[in-house]
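*Asks:* okay, predicted coordinates and the sequence, questions at the end:
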Amino acid sequence: MSITAAMYSGVSGLLANAEGINVIGNNLANVNTVGFKSGRMLFSDMLSANSTNGSQIGRGVQIQKVDNIYAQGAFENTEVVSDLAIQGNSFFAFAAPNATAAVATQDLAYLSRAGSLRVNSSYNLINPDGYEALDAKGGLPIKFPYKNGTTPGDFAKITAIDGQGVITYTDYAGNSYYYNGNGGAVLPATTTNYATALANGTIAVVNPTNPLGLIKVGGTMFKSSADAGVPTAAFTAAVNTANGSSEKLYSNSLEQSNVDMAAQFVKMILTQRAYSANSKTITTADQMTQEVLNLKQ
């Protein structure tokens, strides 16, 4: 096997480790991004060439896959009631900005762990990029009732969101109501009405069986793929409501990035050293080639 093969092995190492440092850099850039899930680069060896006596010599390295790490990040307490964090493996479900129709099936929704939610001028519950949070019954965008600001039940502000995603809000007079679904009748916040709110107006969550199959689409959003295990069925309160124990919502909280800075810096050092070592392989192979050329002298 020629010495130049070592050069190509070194080049493969340079290319792979350059992409590896990109993944590390992206992780560190998003250390303060709410709901961000870090990535990791997986490498694999390339096809080996047969040598004498059944031996094999490797031909370098290649990128096998970039995985997302879905470990739960730490929760930060906030002063905003509609800031939400999820304990468990579920994701908030969203429709595209300005959507009015229901999201037909769960696999068509945008998914995110970032729960910084606000009510916009159209009285929809949205994230900072305008994506609309869905209710669990039917997958409709959450839209609060509002006529003229002076009717009993017109939305004024959110006052509480419980562990299963039931929203309590007040009207202009300070009366409390439960959110009762998009277009649902006004529902006073009484003990007897809680079950109705739980069945009609909770914030939708989706629990993929294989989160590694989700696809990043930016803005801390994910979309489903065939490998993600997101149901292709419609949204229902029975399936898409947090159970309040293993899957629970926390108001006045946000999930922080799960990037471990110390671990990323260690990986950065190792990746930089690997890059340097591969460049040394190339220069050493070049020097050996020069020795061969010098034999004629």
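*Replies:* Noted; the coordinates are in hand.
*Asks:* pull the longest helix from the chain.
*Replies:* Scanning the chain for the helix with the most residues, using DSSP state H, yields helix 261-294.
*Asks:* which elements pack onto that one?
*Replies:* helix 4-29 (3 or more CB pairs under 8 Å, 6 or more residues apart in numbering; DSSP states H and E). Just so you know, the C-beta spots here come from the backbone N, C-alpha and C atoms, and that holds for glycine as well.
*Asks:* could you check how far the closest residue to residue 200 other than its chain neighbours is from residue 63?
*Replies:* What sits nearest to residue 200 in space, not counting adjacent residues and going by CB to CB, 6 or more residues apart in numbering, is residue 181, at 4.2 Å. Taking CB to CB, to the nearest Å as the measure, residue 181 falls 46 Å from residue 63.
*Asks:* and those two? which has more neighbours close in?
*Replies:* More crowded of residue 181 and residue 63, by other CB atoms under 10 Å: residue 181, with 22 against 16.
*Asks:* list the contacts of the more buried one.
*Replies:* If a contact means CB atoms under 8 Å, 6 or more residues apart in numbering, then residue 181 has 135, 137, 138, 140, 200, 201 as its contacts.
*Asks:* and if you look at residue 61?
*Replies:* With CB under 8 Å, 6+ apart, residue 61 has these contacts: 9, 12, 13, 16, 43, 44, 45, 46.
*Asks:* separate out the buried members of these.
*Replies:* Using 16 or more other CB atoms under 10 Å as the burial test, these include 9, 12, 13, 16, 43 as buried.
*Asks:* quick revisit: let me see the backbone angles for the residue nearest to residue 200.
*Replies:* phi 90, psi 160 (degrees, to the nearest 10).
*Asks:* what do you get for residue 247?
*Replies:* phi -120, psi 110.
*Asks:* residues near the residue lying closest to it once chain neighbours are set aside, how many?
*Replies:* With sequence-adjacent residues excluded and distances taken as CB to CB, 6+ apart, residue 247 is closest to residue 88, at 3.8 Å. Residue 88 has 15 neighbours, counted by other CB under 10 Å.
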